[in-house]
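1. sequence unknown, structure follows:
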């Protein structure tokens, strides 16, 4: 059940958030460099933050839908983890 709720959230819930037009923060780094910790700190500071989203990774980025990935960023203010460290998104 927990996995099903996570998939629902990853795929649909973010679409309900209002679009944000301010500058974005991308925390880019390899594994074990503190990106998740910085992401949690940004959340505590009040940013609408997105960490790894399975839908964005598998259904948008891996299928070449970069416009869909960019559209996803309109709903958040800060990001960490995949796919943001990929060279074609930098």
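-> That came through, no problem. Quantities reported herein were computed from a predicted structural model and do not represent experimental measurements.

2. what about this protein, any weak spots by pLDDT?
-> Regions of the chain meeting the criterion pLDDT under 70 cover residues 1-3, 5-16, 19-21.

3. Recalculate using a threshold of 90.
-> 1-23, 29-32, 52-55, 70, 74-75, 81-90 (pLDDT under 90).

4. Let me see the contact set for the residue positioned nearest the centre of it.
-> When the chain is reduced to its mean C-alpha position, the closest residue under CA atoms, centre = their mean turns out to be residue 50, at 3.8 Å. Residue 50 makes contacts with 14, 72, 75-76, 78-80, as judged by CB atoms under 8 Å, 6 or more residues apart in numbering. (Glycine included, C-beta is placed from N, CA and C.)

5. give me phi/psi at it?
-> Taking degrees, to the nearest 10, you get phi -130, psi 130 for the backbone angles of residue 50.
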